[in-house]
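Novice: here is a sequence with its predicted model. Questions after.
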Amino acid sequence: MAEPKTHSLLLADEAATIALARRLAGVVRPGDVIALEGDLGAGKSSLARGLIRALAGEDEDVPSPTFTLVQCYDCVSVTIWHFDLYRLDKPDDALELGIEDAFAEGVSLIEWPDRLGPWLPRDRLTLRLTAGPSETSRQATLSGGPAWNDRWGAIFGD
């Protein structure tokens, strides 16, 4: 398997994070897995909310799945599964959340993907958010397997 391609960009503020989420929403397909990595407060939920609203409508209520562990959104073209696995005790517990169905049929947004262990698909988009040079900025690093190769241009304009 080829090495994943990696792109980085500076997100000046939450509006830039949401703009990236909208670009991602324009290229996601059923079966896609987006692993959202970063510390608490890094912007993972903001990015997920932006992507979900881009596909489900701006008025969509998008609560954090911190306590429910998963929220589903039926959109016109796909069902989005938003997982927050911070409270997951062990990787096999994800099976009880329907994660296999999400991987097969929907778009999966996964906060705290490291909690999945061996269940995390190899051909995924990993999006890591870290603190940027200013208080409101974030550094986004995206790496994706072969399923993402034909989508980089639409995401980054290159």
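Specialist: Right, received. Where do you want to start?
Novice: which stretches of this structure form helices?
Specialist: Secondary structure of the chain, counting by DSSP state H: helices at 14-25, 44-56, 99-105, 152-156.
Novice: tell me which of these lies nearest to residue 117.
Specialist: Proximity to residue 117 (Cβ to Cβ) singles out helix 99-105 among these, at 11.9 Å. Yep, even glycine has a C-beta here, placed from its N, CA and C like the rest.
Novice: show residues contacting stretch 81-97.
Specialist: Outside stretch 81-97, the residues within contact range by Cβ atoms under 8 Å, 6 or more residues apart in numbering are 45, 48, 52, 62, 64-67, 69-73, 98-99, 102, 106-113, 115-119.
Novice: in strands only, show me those.
Specialist: Cross-referencing these against strands under DSSP state E gives 70, 71, 72, 73, 107, 108, 109, 110, 111.
Novice: how about the contacts made by the last one?
Specialist: Contact criterion Cβ under 8 Å, 6+ apart gives 36, 44, 45, 48, 65, 82, 83, 84, 85, 86 as the residues in contact with residue 111.
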